[in-house]
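Peer 1: Predicted model and sequence below, questions to follow.
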Amino acid sequence: MNVGEAVRIRILDLCRERNYTINRLCTASGVTQSTVNNIISGRNNSATVSTIKKLCDGLGITLEEFFSAEIFHRLEQEIQ
């Protein structure tokens with residue numbers, strides 16, 4: 001699994017935990033629907049830290065909380 005996939009899964013998990021739709025996340029975070037859809041669908045595997053920070057703000061968590069999930073602890077090395 002790469003970091004883009006981990007970010008996608010983490011966003012979906014957080015939305016499920018909070019009963020957020022993608023539309024509600026977009027409204028709460030100020031991130032456009034197309035940007036979030038691209039992240040969720042896997043078309044964008046390199047979301048910026050700024051975008052992730054906005055999503056975290058919309059979810060009411062910190063970047064540290066976002067990246068502290070177990071999924072980020074088992075990522076493959078990106079450079080081989």
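Peer 2: Right, received. Where do you want to start? Given the structure is predicted, the values throughout are model-derived calculations rather than measurements.

Peer 1: Can you pull out the low-pLDDT segments for this structure?
Peer 2: Under the criterion pLDDT under 70, the flagged ranges of the chain are 79-80.

Peer 1: gap between the closest residue to Gly58 other than its chain neighbours and Thr62?
Peer 2: The shortest distance from Gly58 to any residue that is not its chain neighbour, by Cβ to Cβ, 6 or more residues apart in numbering, is 2.8 Å, and that residue is Ser29. (Each C-beta comes from the backbone N, C-alpha and C, glycine too.) Counting by Cβ to Cβ, to the nearest Å, the separation of Ser29 from Thr62 is 14 Å.

Peer 1: Can you pull the residues that touch both of these two?
Peer 2: Counting by Cβ atoms under 8 Å, 6 or more residues apart in numbering, the residues touching both Ser29 and Thr62 are Cys56.

Peer 1: higher neighbour count, the two?
Peer 2: When neighbours are counted by other Cβ atoms under 10 Å, Ser29 comes out ahead of the other of Ser29 and Thr62, with 20 against 12.
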